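Visitor: Here's a sequence, model it:
(4 chains)
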Number of protein chains: 2
Amino acid sequence: MGKLTAQAIAERALEIGDAEGLDAVTIRRLAAELGVTPMALYWHFKNKDQLLAGMADHLIAGFAPQPADERPWQEQLRDLTVGLIRTLRAHRCARDVFERVGQVAVPNYLAVWNRALGLGRTAGFSADESCLISQYLLRSAIAIADAPGHSRDEQEVRARRAGLQALPPERYPFIVEMAAPLAGGMDPELYDTFGVDLVLAGIEALAARRIQSEP
Amino acid sequence: MGKLTAQAIAERALEIGDAEGLDAVTIRRLAAELGVTPMALYWHFKNKDQLLAGMADHLIAGFAPQPADERPWQEQLRDLTVGLIRTLRAHRCARDVFERVGQVAVPNYLAVWNRALGLGRTAGFSADESCLISQYLLRSAIAIADAPGHSRDEQEVRARRAGLQALPPERYPFIVEMAAPLAGGMDPELYDTFGVDLVLAGIEALAARRIQSEP
DNA sequence: ACCTGAACACCGTTCAAGT
DNA sequence: ACCTGAACACCGTTCAAGT
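Guide: Residues are numbered from 1 along each chain as shown, chains lettered A, B, ... in the order given. From the prediction side, this is the model:
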């Protein structure tokens, strides 16, 4: 049967996380599913944080950012963003994983980050600004990937909508009014395009301002 | 001495979270510090998730968004954003709290969200778009509030920078090059203004596009 | 190199009982 | 209404030992 390898462990952990949430991913539970003693996992990952990092790394392993080319940076940045989003979409628990993980410990994530940083520089941003932009872009991509309305049970959406509609309308009039889209009943197409447009529009606007104020 | 009230519990929990990280905030630990049995807390909060929600609520209790006025929505949205950021800055663990909490269970957060939704509508966005914009704006504000470079020990920054500089430069050239600002050695002023500008510029750009395509 | 067994120091939570 | 005591079913991790 499949040997016990860091890869296999991370894969199984992601399966559990996708199915039952990241809290269900436990060293002991994971070991039990792999037919092994909890301590066996400690040979492959020195602790649980490393396991999380391994999950995150395996998550974006399939996404190798393309090397820089001659197209305008806006296009390349958009490609990087939608590529990352598409990759993260493969696992429901992706967002939770990246929230709990130390990003520096995830080589494949660093590669994407590095690429975003480079594109920031070619866009004309300073080093400091490129740092902010890249972190902002990647964070937003992760948030967009975790779309409500994408691959969620009808029942869950309905429950959330009911919860929002039960709020006092005199205190939260807009939330009650827009309970349906807030709960996840939104066009997935709109969600993706609009989200990416929003993030990129901000970056492009600031880039344009820079050029203006710089003779 | 101070009575054991939900308020006092949430306050003490935030203190622990600020000082030692949110993982240190434990029912048992918290009870011990309050000189009480762990079970005592279960009278005030029905479980740990509710405690987290209580912490989040207490966190933004001091920030009541101003009612809508006659100024342009851009200004009002900016005020809301910087106000929220300033409030969150009061507690180091704010970001972690909001990552772990179900936002619907936090009344004061819902009030801010409701306000952002309303401003989205007056900006001319559809219901769906306003949902996306508001969530995006609040998420970004939380991220910006948790600034690296703001109120962090020198030692921590130095350690992170060393970690980044130790990465293989042929694989992550830009990360290694910009290790200093990435680790948190950035002008706090720039961090704040640039971050808020970035988010608002994106929203304003999309609002402008809408107007253009809509006679 | 790779895994097991037993043990330690923790968790959140329930349930019955006290005042 | 507000809190305690004892117990249950879990955690992550260390350390010595096996093969």
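
Visitor: Mind listing what's buried along stretch A:115-135?
Guide: A:115-121, A:123, A:125, A:127-135 (16 or more other CB atoms under 10 Å in any protein chain shown). Every residue, glycine included, has its C-beta placed from N, CA and C.

Visitor: Considering only these, which also neighbour chain B?
Guide: Within the set of the buried residues of stretch A:115-135, contact with chain B (CB under 8 Å from any CB of the partner chain) is found for A:117, A:118, A:121, A:127, A:128, A:129, A:130, A:131, A:132, A:133.

Visitor: mind checking pLDDT for the fourth one?
Guide: Okay, so that is residue A:127. On pLDDT, residue A:127 comes in at 97.

Visitor: so it makes contact with residue B:176?
Guide: No: between residue A:127 and residue B:176 there is no contact under CB atoms under 8 Å: 11.9 Å.

Visitor: does any bit of the helix or strand residue A:197 falls within sit next to chain B?
Guide: Residue A:197 is part of helix A:188-213 when elements are defined by DSSP states H and E. Yes: under the criterion of CB under 8 Å from any CB, chain B is reached by helix A:188-213 at A:190-191, A:194-195, A:197-206, A:209.

Visitor: ok, which residues in chain A are in contact with DNA strand C?
Guide: Neighbours of DNA strand C within chain A, by CB under 7 Å from any atom of the strand: A:3, A:4, A:36, A:37, A:39, A:40, A:42, A:43, A:44.

Visitor: between those, which is nearest residue B:57?
Guide: Among the residues of chain A next to DNA strand C, residue A:42 lies closest to residue B:57 (CB to CB), at 38.9 Å.

Visitor: Helix, strand or coil: sort out the closest one for me.
Guide: helix (DSSP: H, G, I helix; E, B strand; the rest coil).

Visitor: do the one 10 residues further on as well
Guide: The three-state label for residue A:52, taken from three-state DSSP, comes out as helix.

Visitor: wouldn't it be in contact with residue A:99 here?
Guide: No: counting by CB under 8 Å, residue A:52 stays clear of residue A:99, with 9.8 Å between them.

Visitor: Give me the more crowded residue out of those two.
Guide: Each of residue A:52 and residue A:99 has its neighbours counted (other CB atoms under 10 Å in any protein chain shown); residue A:52 has more, 25 against 16.

Visitor: Excluding chain neighbours, what is closest to the more buried one?
Guide: residue A:101 (4.6 Å; CB to CB, 6 or more residues apart in numbering or on different chains).

Visitor: just to revisit the earlier point, mind checking which of the residues of helix A:188-213 next to chain B are buried?
Guide: Here, 16+ other CB under 10 Å leaves A:191, A:194-195, A:197-206 buried among the residues of helix A:188-213 next to chain B.

Visitor: any chance of those residues in TSV, plus pLDDT?
Guide: Converted to TSV, these look like this (pLDDT from 0 to 100):
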residue	pLDDT
A:191	88
A:194	95
A:195	95
A:197	97
A:198	97
A:199	98
A:200	98
A:201	98
A:202	98
A:203	98
A:204	98
A:205	97
A:206	97
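
Visitor: possible to save the residues you listed as JSON lines with distance to residue B:19?
Guide: Output for those, formatted as JSON lines (distance: CB to CB, whole Å):
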{"residue": "A:191", "distance to residue B:19": "39"}
{"residue": "A:194", "distance to residue B:19": "40"}
{"residue": "A:195", "distance to residue B:19": "36"}
{"residue": "A:197", "distance to residue B:19": "41"}
{"residue": "A:198", "distance to residue B:19": "36"}
{"residue": "A:199", "distance to residue B:19": "34"}
{"residue": "A:200", "distance to residue B:19": "39"}
{"residue": "A:201", "distance to residue B:19": "40"}
{"residue": "A:202", "distance to residue B:19": "35"}
{"residue": "A:203", "distance to residue B:19": "36"}
{"residue": "A:204", "distance to residue B:19": "41"}
{"residue": "A:205", "distance to residue B:19": "40"}
{"residue": "A:206", "distance to residue B:19": "36"}
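
Visitor: from these, which is closest to DNA strand C?
Guide: residue A:191 (31.6 Å; CB to the nearest atom of the strand).

Visitor: contacting residues for the closest residue to the closest one other than its chain neighbours?
Guide: Nearest residue to residue A:191, sequence neighbours excluded (CB to CB, 6+ apart): residue A:147, at 5.1 Å. Counting by CB atoms under 8 Å, 6 or more residues apart in numbering or on different chains, residue A:147 touches A:188, A:191, A:192.

Visitor: so which strand or helix has the most centrally placed residue in chain A?
Guide: Closest to where the C-alpha atoms of chain A average out (CA atoms, centre = their mean) is residue A:142, at 2.3 Å. According to DSSP H and E, residue A:142 maps onto helix A:127-145.

Visitor: next helix or strand past that helix?
Guide: Per DSSP H and E, the first helix or strand lying C-terminal to helix A:127-145 is helix A:154-165.

Visitor: helices or strands next to that next one in the packing?
Guide: Contact analysis of helix A:154-165 by 3 or more CB pairs under 8 Å, 6 or more residues apart in numbering or on different chains; DSSP states H and E lists helix A:173-177, helix A:179-183 as its packing neighbours.

Visitor: how about the first one: buried residues?
Guide: Meaning helix A:173-177. Quick answer for helix A:173-177 (16+ other CB under 10 Å): A:174, A:175, A:176, A:177.

Visitor: Same list (the residues you listed) but as CSV, adding pLDDT.
Guide: Output for the buried residues of helix A:173-177, formatted as CSV (pLDDT from 0 to 100):
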residue, pLDDT
A:174, 98
A:175, 98
A:176, 98
A:177, 98
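
Visitor: can you list these in JSON lines and add distance to residue A:65?
Guide: Formatted as JSON lines, these follow (distance: CB to CB, whole Å):
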{"residue": "A:174", "distance to residue A:65": "39"}
{"residue": "A:175", "distance to residue A:65": "38"}
{"residue": "A:176", "distance to residue A:65": "42"}
{"residue": "A:177", "distance to residue A:65": "41"}
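
Visitor: closest to residue B:59 among those residues?
Guide: For these, the nearest to residue B:59 is residue A:175 (19.2 Å; CB to CB).

Visitor: isn't the closest one right up against residue A:167?
Guide: Yes: assessed by CB under 8 Å, residue A:175 is found in contact with residue A:167 at 6.1 Å.

Visitor: what's the overlap in contacts for these two?
Guide: Going by CB under 8 Å, 6+ apart, residues that sit against residue A:175 and also against residue A:167 are residue B:110.

Visitor: Which strands or helices does the host helix or strand of residue A:115 pack on?
Guide: Here residue A:115, judged by DSSP H and E, is contained in helix A:107-122. Contacts defined by 3+ CB pairs under 8 Å, 6+ apart place helix A:107-122 against helix A:48-59, helix A:73-88, helix A:127-145, helix B:173-177.
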